[in-house]
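Visitor: need a structure here:
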Amino acid sequence: MPATRSIVTAGRPTLAEAKRRVTHLVDVAERLFVERGYDTCSIETIAREAQVAGRTIYAKFGGKAGLLAAVVEKRSRTLIERTRKLDEADANFESVLREFAVDYLWETTRPAALALRRAVVAESTRLPEVAAAFHSAVTGQVREALARQFARPGLRVRLRRDVDTEYLAGQCLNTMLSHEYAALFFGLRRSPTRAEITRWAHQAIDLFLQGALAPHRTSSLGRSL
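Guide: Okay, the predicted model is just below:
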């Protein structure tokens, strides 16, 4: 059987090429973790699929746990990028919040994202640092971004003054990640379409706003709260 061809070329790679190789390795690891499960996926399998030497994984990531952490970080960058839309939340606060909710739920309910969460949960006892990083990326940093937006003077006056902005942000996420998300996580329902996610997100944000807006403030729902 001919030897597996390596993507490594002779000579020292450029910075751009080295970055591309690492990105490719992380992408391959994510696919294999999702398809085969973290526990059953060996360093040798990942190295063979990514066409790198096993020692490269140890040198770059310290082992499989470090590679899983890199996959989590990659996912976190995508989610955190979604929060940038909240920077536009001024006069269009409610509509921008709904758009953000659609993007967030769409990203977190994709089959690959759910499979990765299952892998992290399964390994959380052995790899608490990876679980903590995943939790920070998926909920912690997004909650902080929401809290920062809710604390902006132009928005704070529209929200209930008796409730802390961090608590409001947490409740916003909790409303979005309802029993429907739990059903998806446990594989009890099919993957939702974009239209279904949009309906889910809008209903969640409308429900959140009913409790979060200051009394006598009128939302776009068309009634005084």
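Visitor: Report the separation between P128 and G62.
Guide: Here the criterion is CB to CB, to the nearest Å. By it, P128 lies 16 Å from G62. For every residue, glycine as well, the C-beta is placed using N, CA and C.
Visitor: what about stretch 136-153, distance to the chain center?
Guide: 13 Å (CA atoms, centre = their mean, to the nearest Å).
Visitor: excluding its backbone neighbours, what's nearest R156?
Guide: F150 (6.7 Å; CB to CB, 6 or more residues apart in numbering).
Visitor: okay, whichever strand or helix holds D103 in PDB with CA atoms only?
Guide: Using DSSP states H and E, D103 falls within helix 93-108. Below are the C-alpha coordinates for helix 93-108, written out as PDB (Å, rounded to 0.1, in the frame of the first residue of the first chain):
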ATOM      1  CA  PHE A  93     -32.800  48.000  19.700                       C
ATOM      2  CA  GLU A  94     -35.700  45.500  19.500                       C
ATOM      3  CA  SER A  95     -35.300  44.600  15.800                       C
ATOM      4  CA  VAL A  96     -31.500  44.200  16.200                       C
ATOM      5  CA  LEU A  97     -31.900  42.000  19.200                       C
ATOM      6  CA  ARG A  98     -34.300  39.800  17.200                       C
ATOM      7  CA  GLU A  99     -31.800  39.600  14.400                       C
ATOM      8  CA  PHE A 100     -29.000  38.700  16.800                       C
ATOM      9  CA  ALA A 101     -31.200  36.000  18.400                       C
ATOM     10  CA  VAL A 102     -31.900  34.400  14.900                       C
ATOM     11  CA  ASP A 103     -28.100  34.300  14.200                       C
ATOM     12  CA  TYR A 104     -27.200  33.000  17.600                       C
ATOM     13  CA  LEU A 105     -29.800  30.200  17.600                       C
ATOM     14  CA  TRP A 106     -29.100  29.300  14.000                       C
ATOM     15  CA  GLU A 107     -25.400  28.900  14.900                       C
ATOM     16  CA  THR A 108     -25.900  26.900  18.100                       C
END
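Visitor: Summarise which helices and strands the longest helix along the chain is packed against.
Guide: Counting by DSSP state H, the longest helix found in the chain is helix 15-36. Contact partners of helix 15-36 among helices and strands, from 3 or more CB pairs under 8 Å, 6 or more residues apart in numbering; DSSP states H and E: helix 43-50, helix 54-61, helix 64-82, helix 111-122.
Visitor: so where is the protein shaky, pLDDT-wise?
Guide: Residue ranges of the chain with pLDDT under 70: 1-11, 88-91, 216-225.
Visitor: re the thing from before, TSV for the helices and strands packed on helix 15-36, including mean neighbour count?
Guide: Output for the helices and strands packed on helix 15-36, formatted as TSV (neighbours: other CB atoms under 10 Å):
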stretch	mean neighbour count
helix 43-50	17
helix 54-61	15
helix 64-82	18
helix 111-122	18
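Visitor: Of all these, which one is nearest E17?
Guide: helix 54-61 (13.4 Å; CB to CB).
Visitor: could I get that closest one in PDB with only the CA atoms?
Guide: Extracted C-alpha coordinates of helix 54-61, given in PDB (Å, rounded to 0.1, in the frame of the first residue of the first chain):
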ATOM      1  CA  GLY A  54       1.200  12.900  15.000                       C
ATOM      2  CA  ARG A  55       4.100  14.800  16.600                       C
ATOM      3  CA  THR A  56       2.800  18.000  15.000                       C
ATOM      4  CA  ILE A  57      -0.400  17.700  17.000                       C
ATOM      5  CA  TYR A  58       1.500  17.300  20.200                       C
ATOM      6  CA  ALA A  59       3.800  20.100  19.300                       C
ATOM      7  CA  LYS A  60       1.000  22.600  18.500                       C
ATOM      8  CA  PHE A  61      -1.700  21.500  20.900                       C
END
